[in-house]
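Trainee: Have a look; sequence and predicted model below, questions after that.
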There are 2 protein chains.
Amino acid sequence: MAATIKDVAERAGVNPSTVSRVINEDPKLSIRDETRKRILDAIRELDYHPNAVARSLRLRSTRTLGMIIPDITNPFFPEVIKGAESAAAERGFSLMLCNTDEDPEKEKAYLDLLAEKKVDGFLMATAFSHDSTVKFLKEKGYPFILVNRSSRDVSGRCVVVDDVDGAGVAVDHLAELGHTRIAHVAGVLFTETGLSRLEGYRLTLNKRRIPFEPDYMVEGGFREKDGYRATRRLLGLPVPPTAIFAANDLVALGALTAASELGLRVPGDLSIVGYNDVPLAEKVTPALTTIHVPLYDMGYLAAELLTKLIQGEEVAEDRVVLKGELVVRQSTGPARERAG
Amino acid sequence: MAATIKDVAERAGVNPSTVSRVINEDPKLSIRDETRKRILDAIRELDYHPNAVARSLRLRSTRTLGMIIPDITNPFFPEVIKGAESAAAERGFSLMLCNTDEDPEKEKAYLDLLAEKKVDGFLMATAFSHDSTVKFLKEKGYPFILVNRSSRDVSGRCVVVDDVDGAGVAVDHLAELGHTRIAHVAGVLFTETGLSRLEGYRLTLNKRRIPFEPDYMVEGGFREKDGYRATRRLLGLPVPPTAIFAANDLVALGALTAASELGLRVPGDLSIVGYNDVPLAEKVTPALTTIHVPLYDMGYLAAELLTKLIQGEEVAEDRVVLKGELVVRQSTGPARERAG
DNA sequence: TTGAAAGCGATACCAC
DNA sequence: GTGGTATCGCTTTCAA
């Protein structure tokens, strides 16, 4: 059995409360050096480690954050998690990680579980999560931060990237290469990110006076096969696009596959730009031109913000908006007339 | 404030202990239906959820597992974590995730932290971890399972793949393609996995009566740049190898880059086999021939085993050995004489 | 400068 | 069939 504070107290010949004060460096404690030494010695001799469960019960704080993500094998998340974990650890918090597999029922179950386990706050990285989640969190008054998603229901409390801007940068890049037949394989359009990237696409076409061609906008999803299917469709059009702005890198990868199956060369016949700059993006051939999103920072800032919220610190801004940056690699090139 | 068991008891006009028995479905409880109903109603009306921290203190069990991994952004781990998380969740356990960045000090700090937080057991996925970790765990009597690593200091308690066998399969594949100049970019040789793969390489050369050429064995490491450097060296040899068995997929990727920089074609001029079949492996060009390791299963089985250990269930075998399987893709091809 | 005791929210043993 | 009460390990207020 591990030693308790009582054991330490007995060994040092003092009361447990005194031991507690010494451990927690109670500022309004004046104690004789000799007594303190006895306590410290006893702690060392017994290899005493305070029981965090008991502390949590007493202090009503577990120093633990719950993080809910849809799928850890999606290459978007590991960097985000790592950032969150670092920020949490630096502030003495641990991370409890929950994977929902995009299943709303699991999400709800985890929410309840984490609430019962009395985590001090929630990091929600699930783009699909129904607003009932946000509602639940708000009603219960639990501190939370949305990661890479925002909500109309709530003032701030999120760390996001400016997707309208990022999509604009992507489309600008293609336009500057001379492309006018620019298609967009959109993400899921009931998510903020999906919607905003579409908006950025349309706004930039507009700005550039490129007419919006409805056939060039196809709603896909965020997975590779969504990109594959959508691209097959686009490339089957009578007048196919010469460039595709994909909702994310996975989608761009699917587009790459579809193009190569049809014997098209990238970027010779088709330029493709992705979104997020997932680690995979630079490994594939051709390496993906994409919008680099600071994934690590996103996680870090979210966890930092959350711990501040928890500790009641004043936060200037509880809505952090990060900017994406264009990274030009090999999947985009100048537009040129096609043989047909 | 959330309702407590006392609130429920008052509202139902019973004693807290009775509420507890109803909640936990105490088998040796006989209770009037009417009383039970009153309690259940009170629970619903107050939206009562038991405080897991208080339960944990009383029951001396947190139903939480600590999982320590070196680097979540290494594509090896997300699948493993996902498997572990699933198995844990199915058994009512949560996962506390800790990222050490390969830093032994962080590892120790996390070990202490998790111990203070009274996790019920440890999942250790750190190949580099010093044996002091295993020693610590053993001395304290904490249940633990090593993932993808074993230890001489301990009888079983691990889920590993048979790396000697896997490496053998990889080298066999190359030999069957007619290669005789087969090099090995080894991993870190003070890890079990690094050592075993080297052993498999040597045993198979032996079996095939291919003489072992010391210059063809270069110790690298497990990172991409290790593979890059080692391969540059191998390809600079007077008589360079025609095939490389890499310690893992990341190393194989580095080899790929080195080869293409030198104008060599894969598999035309050089065949490369990786290890693990990380998600990345099938995405790169040429797609990697590799040894598929059941990453998800590894995590799943480890967590399952650990929960059994924790709950005192009899486990037939506390050392689970999985087999890798050859996946032939595009990075390997028949040997042929080179121009020089 | 230190001690005593209440209480955090549950469970479980022992009564009756 | 249900209640009383001690207890898990720690913190904190109030006393002395």
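Mentor: Yes, it's here. Residues are numbered from 1 along each chain as shown, chains lettered A, B, ... in the order given.
Trainee: For the stretch 151-300 of chain A, what lies in contact range of chain B?
Mentor: Residues of the stretch 151-300 of chain A found near chain B (C-beta under 8 Å from any C-beta of the partner chain) are A:253, A:279, A:280, A:283, A:284, A:285. All C-beta atoms are positioned from the backbone trio N, CA, C, and that covers glycine.
Trainee: May I ask which of those has the most neighbours?
Mentor: Using other C-beta atoms under 10 Å in any protein chain shown as the neighbour test, these are led by residue A:253, with 24 neighbours.
Trainee: Next one: that residue from residue B:205, what distance?
Mentor: 37 Å (C-beta to C-beta, to the nearest Å).
Trainee: Quick check: which ranges of the stretch 151-300 of chain A have low pLDDT?
Mentor: Residues of the stretch 151-300 of chain A that meet the criterion pLDDT under 70 lie in A:153, A:155.
Trainee: And the helices in it?
Mentor: A:163-176, A:192-207, A:224-235, A:249-261, A:295-310 (DSSP state H, counting those that start in this stretch).
Trainee: Only C-alpha atoms, please: export stretch A:16-28 in PDB.
Mentor: This file holds the C-alpha atoms of stretch A:16-28, laid out as PDB (Å, rounded to 0.1, in the frame of the first residue of the first chain):
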ATOM      1  CA  PRO A  16      -1.800  15.800   8.600                       C
ATOM      2  CA  SER A  17      -2.900  19.300   8.000                       C
ATOM      3  CA  THR A  18       0.600  20.500   8.600                       C
ATOM      4  CA  VAL A  19       2.000  18.100   6.100                       C
ATOM      5  CA  SER A  20      -0.600  19.300   3.600                       C
ATOM      6  CA  ARG A  21       0.400  22.900   4.100                       C
ATOM      7  CA  VAL A  22       4.100  22.100   3.600                       C
ATOM      8  CA  ILE A  23       3.400  20.200   0.500                       C
ATOM      9  CA  ASN A  24       1.300  22.900  -1.000                       C
ATOM     10  CA  GLU A  25       3.600  25.600   0.100                       C
ATOM     11  CA  ASP A  26       0.800  27.500   1.900                       C
ATOM     12  CA  PRO A  27       2.000  31.100   1.900                       C
ATOM     13  CA  LYS A  28       0.400  32.000   5.200                       C
END
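Trainee: can you list the residues that contact that stretch?
Mentor: Stretch A:16-28 is contacted from outside by A:5-6, A:8-9, A:12, A:29, A:31, A:35-36, A:39-40, A:42-43, A:50, using C-beta atoms under 8 Å, 6 or more residues apart in numbering or on different chains.
Trainee: That one and DNA strand D, are they touching?
Mentor: Yes. Looking at stretch A:16-28 against DNA strand D by C-beta under 7 Å from any atom of the strand, the contacts come from A:16, A:17, A:20, A:21, A:23, A:24.
Trainee: Next, give me the two most distant ones among the residues of the stretch 151-300 of chain A next to chain B.
Mentor: With C-beta to C-beta as the measure, no two of those lie farther apart than A:279 and A:285, at 15.0 Å.
Trainee: how close does the closest residue to chain B within the stretch 151-300 of chain A sit to residue A:268?
Mentor: Using C-beta to the nearest C-beta, the point where the stretch 151-300 of chain A gets nearest to chain B is residue A:285, with a distance of 3.6 Å. To residue A:268, residue A:285 is 14 Å away according to C-beta to C-beta.
Trainee: residue contacts, residue A:88?
Mentor: Counting by C-beta under 8 Å, 6+ apart, residue A:88 touches A:65, A:94, A:95, A:303, A:307.
Trainee: immediately after the helix or strand in which it is found, which helix or strand?
Mentor: In the assignment (DSSP states H and E), residue A:88 maps to helix A:77-90. Once helix A:77-90 ends, the next helix or strand along the chain (criterion: DSSP H and E) is strand A:94-99.
Trainee: Buried residues of the helix or strand following that next one, list them for me.
Mentor: Next helix or strand after strand A:94-99 toward the C-terminus (DSSP H and E): helix A:104-116. Buried residues in helix A:104-116, counted by 16 or more other C-beta atoms under 10 Å in any protein chain shown: A:106, A:107, A:108, A:110, A:111, A:113, A:114, A:115.
Trainee: want to throw those into TSV with distance to chain B and pLDDT?
Mentor: Converted to TSV, the buried residues of helix A:104-116 look like this (distance: C-beta to the nearest C-beta, whole Å; pLDDT from 0 to 100):
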residue	distance to chain B	pLDDT
A:106	8	94
A:107	12	94
A:108	13	94
A:110	8	97
A:111	11	96
A:113	7	97
A:114	8	98
A:115	7	97
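Trainee: For those residues, give me a markdown table that also has distance to residue B:158.
Mentor: Shown next, in a markdown table, are the buried residues of helix A:104-116 (distance: C-beta to C-beta, whole Å):
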| residue | distance to residue B:158 |
| --- | --- |
| A:106 | 29 |
| A:107 | 33 |
| A:108 | 35 |
| A:110 | 29 |
| A:111 | 34 |
| A:113 | 28 |
| A:114 | 30 |
| A:115 | 34 |
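Trainee: Closest one to residue A:249 out of those, please.
Mentor: Distance to residue A:249, by C-beta to C-beta, is smallest for residue A:107 among these, at 24.3 Å.
Trainee: isn't the closest one right next to residue A:69, touching?
Mentor: No. Residue A:107 is beyond contact range of residue A:69, at 10.1 Å (criterion: C-beta atoms under 8 Å).
Trainee: what touches both of those two?
Mentor: Common neighbours of residue A:107 and residue A:69 (C-beta under 8 Å, 6+ apart) are A:100, A:126.
Trainee: three-state assignment of residue A:139?
Mentor: Under DSSP: H, G, I helix; E, B strand; the rest coil, residue A:139 falls in the helix class.
Trainee: Now the stretch 201-340 of chain A against DNA strand D: closest residue?
Mentor: residue A:311 (13.9 Å; C-beta to the nearest atom of the strand).
Trainee: Report pLDDT for that residue.
Mentor: Looking at residue A:311, its pLDDT stands at 94.
Trainee: Neighbours of it, how many?
Mentor: 12.
Trainee: now swap in the one 3 residues further on and tell me
Mentor: For residue A:314, the tally of surrounding residues (other C-beta under 10 Å) stands at 5.
Trainee: where's it relative to DNA strand C, distance?
Mentor: The gap separating residue A:314 from DNA strand C is 27 Å, by C-beta to the nearest atom of the strand, to the nearest Å.
Trainee: try residue A:193
Mentor: Counting by C-beta to the nearest atom of the strand - residue A:193 and DNA strand C are separated by 38 Å.
Trainee: who's in contact with that residue?
Mentor: A:127, A:148, A:149, A:163, A:187, A:247.
Trainee: any idea which of those has the most stuff around it?
Mentor: Compared across these, residue A:247 has the highest neighbour count, 32 neighbours, by other C-beta under 10 Å.
Trainee: Could you tell me which residues make contact with that residue?
Mentor: Listed by C-beta under 8 Å, 6+ apart, the contact partners of residue A:247 are A:184, A:185, A:186, A:187, A:193, A:194, A:197, A:220, A:221, A:222, A:227, A:275.
Trainee: Surely the last one and residue A:246 touch.
Mentor: Yes. Applying C-beta under 8 Å as the test, residue A:275 and residue A:246 come out as touching, 6.6 Å apart.
Trainee: any shared contact partners between the two?
Mentor: Residues touching both residue A:275 and residue A:246 (C-beta under 8 Å, 6+ apart): residue A:252.
Trainee: Neighbour count: these two, which is higher?
Mentor: More crowded of residue A:275 and residue A:246, by other C-beta under 10 Å: residue A:246, with 32 against 29.
Trainee: So what sits opposite that one in the bridge?
Mentor: residue A:185 (DSSP bridges).
Trainee: pLDDT score assigned to residue A:339?
Mentor: If you check residue A:339, the pLDDT there is 40.
Trainee: Please name the residues that touch residue A:97.
Mentor: Taking C-beta under 8 Å, 6+ apart, one finds A:67, A:69, A:72, A:81, B:81, B:85, B:95, B:96, B:97 in contact with residue A:97.
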